[in-house]
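Student: got a predicted structure here, sequence first:
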Amino acid sequence: MFLTLFSTISSIIAVVIVFLFAIEKFSKQVQFLIGEKFKISIEKFTNTPVRGVVVGTVLSSILQSSSAVSVLVISFVEAGLLPFTNSLGIIIGTNIGTTITSQLVAFKLLDIAPYILILGFILMKIKHKYQHVGKPVFYFGLIFSCLFIISVITSNLNQNEFLLSIIGQTSNLFFAIMVGFFVSTMLQSSSITTSIIVILASQGILNFDQAFGIILGTNIGTTTTAILASLVTGKQGKRVALAHFIFNFVGVLIFLPFVPIFSDFISGLPLSVAVQVATSHLIFNVIIGVIFLIFFKQYNQLIHKIIK
């Protein structure tokens, strides 16, 4: 049983490596397609907090990574293409946009992933005016094909007593948060972490409370990418990274007292556990986003007080 589990985990790690490779390649392809016009116009697109949230949501939905968007924002602010205040709205939006991946997994849209992969490959190889779109489509298909493979690999894990005994420890909320933090920090991707959580919930390996606790941890862990990137930047870049961390960390702290009430509400919805987990991820980030928009001025002032 242990050897079977070890083999399964090794296979998952291998697929995750391919997933992270696909995310990196996809992000670069999209940034190339976006082009210089977007970079020049980004200040105008984000001149109000709400517009910034919309841009952040769309960008992280397209790039499939809040970490990639936060690093991109740091580079924009550091280069003077984007005022720091404008970046705060984008930071709020990235957390909402990154929930899209788990939504797609929860609603079983992974089945079409291989077809997207094939379509992208064909578009790359056949000469036509849209050939440049082939690579982004291919890597997008590869991202979700990896998640599809993970769902197949883990389909029998709900019968592994050794794994279930380990996962049982995540019934403790704070332990679950720590697990989510460390896993998303190691993988440098909240998208893959939350997607795997949704997959495990759909297979009965995780219950809702365990899954939601881990998701809270991933929200904090995903900020480490921006923090690492900011170590080689100036004052403005460090402010963006700090803003990202404070938004995610304080958001979890705000939500902690209400977790039992929220859990009862979501668990009572007539949805599958997987959809409940994905929905909770979305609702959590929208609520925290609204709170930070209400206190946007104070949020901005706090960052400037910490990094003068």
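Tutor: Alright, I've got the coordinates.
Student: quick one: the helices in the stretch 1-150 of the chain?
Tutor: Secondary structure of the stretch 1-150 of the chain (DSSP state H, counting those that start in this stretch): helices at 2-45, 49-63, 66-78, 84-97, 100-106, 113-125, 134-153.
Student: could I get those as TSV with mean neighbour count?
Tutor: The C-beta positions use only the backbone N, C-alpha and C, and glycine is treated the same way. Formatted as TSV, the helices of the stretch 1-150 of the chain follow (neighbours: other Cβ atoms under 10 Å):
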stretch	mean neighbour count
helix 2-45	15
helix 49-63	22
helix 66-78	26
helix 84-97	26
helix 100-106	23
helix 113-125	16
helix 134-153	22
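Student: which of these comes out lowest on mean pLDDT?
Tutor: Of all the helices of the stretch 1-150 of the chain, mean pLDDT reaches its minimum on helix 2-45 (a mean of 71).
Student: report the contact partners of the residue lying closest to Ile122 once chain neighbours are set aside.
Tutor: Spatial nearest neighbour of Ile122, chain neighbours left out: Gly134 (7.6 Å); criterion: Cβ to Cβ, 6 or more residues apart in numbering. Gly134 is in contact with Gly120, Phe121, Ile122, Leu123, Met124, Lys125, counting by Cβ atoms under 8 Å, 6 or more residues apart in numbering.
Student: ok, 7 Å please
Tutor: Shown in contact with Gly134 (Cβ atoms under 7 Å, 6 or more residues apart in numbering): Gly120, Leu123, Met124.
Student: Thr279 too?
Tutor: Here Thr279 is in contact with Ile266, Leu271 (Cβ under 7 Å, 6+ apart).
Student: please identify the helix or strand for it.
Tutor: Using DSSP states H and E, Thr279 sits within helix 273-294.
Student: that helix: what's the following helix or strand?
Tutor: Using DSSP H and E, the helix or strand that follows helix 273-294 in sequence is helix 296-306.
Student: and the angle from that following helix to helix 84-97?
Tutor: 110 degrees (axes from the mean of the first three to the mean of the last three Cα atoms, to 10 degrees).
Student: quick one: contacts of helix 296-306?
Tutor: Residues outside helix 296-306 that contact it (Cβ under 7 Å, 6+ apart) are Pro49, Thr85, Leu88, Arg239, Leu242, Ala243, Phe292.
Student: swap the cut-off to 6 Å and go again
Tutor: Applying Cβ atoms under 6 Å, 6 or more residues apart in numbering, the contact partners of helix 296-306 are Pro49, Thr85, Arg239, Leu242, Ala243, Phe292.
Student: my guess is the first one meets Gly89, correct?
Tutor: In this case it means Pro49. Yes. Between Pro49 and Gly89 there is a contact at 4.3 Å, judged by Cβ atoms under 6 Å.
Student: okay, now Lys235: neighbour count?
Tutor: When neighbours are counted by other Cβ atoms under 10 Å, Lys235 registers 12.
Student: which residue packs closest to it, ignoring adjacent ones?
Tutor: Spatial nearest neighbour of Lys235, chain neighbours left out: Ile307 (6.0 Å); criterion: Cβ to Cβ, 6+ apart.
Student: mind checking how far the one you found is from Phe245?
Tutor: Using Cβ to Cβ, to the nearest Å, one obtains 12 Å as the distance from Ile307 to Phe245.
Student: in terms of neighbours, single out the busier of the two.
Tutor: Higher neighbour count among Ile307 and Phe245: Phe245, with 19 against 14, using other Cβ under 10 Å.
Student: phi, psi of the residue in the chain sticking out farthest from the centre?
Tutor: Among the C-alpha atoms of the chain, the one farthest from their average position, using Cα atoms, centre = their mean, is that of Lys127, at 34.3 Å. When read as degrees, to the nearest 10, the backbone of Lys127 gives phi -80, psi 120.
Student: and Phe295, by the same measure?
Tutor: Main-chain dihedrals, Phe295, degrees, to the nearest 10: phi -110, psi 40.
Student: tally of neighbours for it?
Tutor: Counted with other Cβ under 10 Å, residues neighbouring Phe295 total 11.
Student: what sits against it?
Tutor: Neighbours of Phe295 in contact, by Cβ under 6 Å, 6+ apart: none.
Student: picking that back up, nearest to Leu228, out of the helices of the stretch 1-150 of the chain?
Tutor: Set against Leu228 and scored by Cβ to Cβ, the helices of the stretch 1-150 of the chain come closest in helix 66-78, at 8.9 Å.
Student: may I have the closest one exported as CSV, CA atoms only?
Tutor: Below are the C-alpha coordinates for helix 66-78, written out as CSV (Å, rounded to 0.1, in the frame of the first residue of the first chain):
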residue,chain,number,x,y,z
SER,A,66,-1.8,35.2,-9.5
SER,A,67,1.9,34.8,-8.8
ALA,A,68,2.8,35.6,-12.5
VAL,A,69,0.5,38.7,-12.4
SER,A,70,2.0,40.0,-9.1
VAL,A,71,5.5,39.7,-10.5
LEU,A,72,4.4,41.4,-13.7
VAL,A,73,2.9,44.2,-11.6
ILE,A,74,6.1,44.6,-9.6
SER,A,75,8.0,45.0,-12.9
PHE,A,76,5.5,47.6,-14.2
VAL,A,77,5.6,49.6,-11.0
GLU,A,78,9.4,49.4,-10.8
